[in-house]
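Asks: My questions concern the predicted model and sequence given below.
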Amino acid sequence: VQLVESGGGLVRAGGSARLRCTASTATFNWLPMGWFRQAPGKEREFIAAVNFNTGREYYADSMEGRFTISTDNTKKTIYLQMNTLKPEDTADYYCAAALRIETMVKNSAGDYWGQGTRVTVSS
């Protein structure tokens, strides 16, 4: 599965950004997909994931509220809407897919990864 992210960039504190991740249609098989981020000097952390089969969304407790995951099933695409951004949200954001949703939600891991897109929030 190939995953391609887009939408990163420089954002002012308090602003919003939307990230996009599209899975290659040749190999995508409706695997659960999600978003992670890794800030400089910190460990990767889970943000949100979605199970296409059930439509259920999963969020890290600290992320729910300001971050929203959504899907466009026809395009095999997921989005991450980020609102009220803070400088501490500055990180590389990664799209991931996994054979099982638990891999992402419980283990903060993925089986397939995009290349990442950087979001920088200026104060």
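Replies: Structure received. Residues are numbered from 1 along each chain as shown.
Asks: and the residue nearest the centre of the chain, how far is that from residue 123?
Replies: Closest residue to the average C-alpha location of the chain: residue 35 at 2.0 Å, with Cα atoms, centre = their mean. Remark: distance between residue 35 and residue 123 (Cβ to Cβ, to the nearest Å) = 23 Å. For the C-beta atoms, the positions are set from N, CA and C on the backbone; glycine is no exception.
Asks: swap in residue 31?
Replies: From residue 31 to residue 123 the distance is 37 Å (Cβ to Cβ).
Asks: Equivalent analysis for residue 2, please.
Replies: Residue 2 is 35 Å from residue 123, by Cβ to Cβ.
Asks: Those two: who's more crowded?
Replies: The residue with more neighbours, out of residue 2 and residue 123, is residue 2; 15 against 9, by other Cβ atoms under 10 Å.
Asks: what's the neighbour count on the nearest residue to the more buried one once chain neighbours are set aside?
Replies: Distances taken as Cβ to Cβ, 6 or more residues apart in numbering put residue 24 closest to residue 2, at 3.9 Å, once the chain neighbours are dropped. Each residue near residue 24 was counted by other Cβ under 10 Å, and the total is 12.
Asks: What of residue 46?
Replies: 22.
Asks: wait, isn't it in contact with residue 110?
Replies: No. Using Cβ atoms under 8 Å, residue 46 is not in contact with residue 110, being 9.3 Å away.
Asks: Mind listing the shared neighbours of these two?
Replies: Taking Cβ atoms under 8 Å, 6 or more residues apart in numbering as the contact rule, the neighbours common to residue 46 and residue 110 are 34, 36, 104.
Asks: Tell me the one among these nearest to residue 86.
Replies: residue 36 (17.7 Å; Cβ to Cβ).
Asks: which residues touch the residue nearest to that closest one when sequence neighbours are not counted?
Replies: By the measure of Cβ to Cβ, 6+ apart, the closest residue to residue 36 outside its immediate chain neighbours is residue 94, 4.7 Å from it. Residues near residue 94 by Cβ under 8 Å, 6+ apart: 5, 35, 36, 37, 38, 44, 110, 113, 114, 116, 117.
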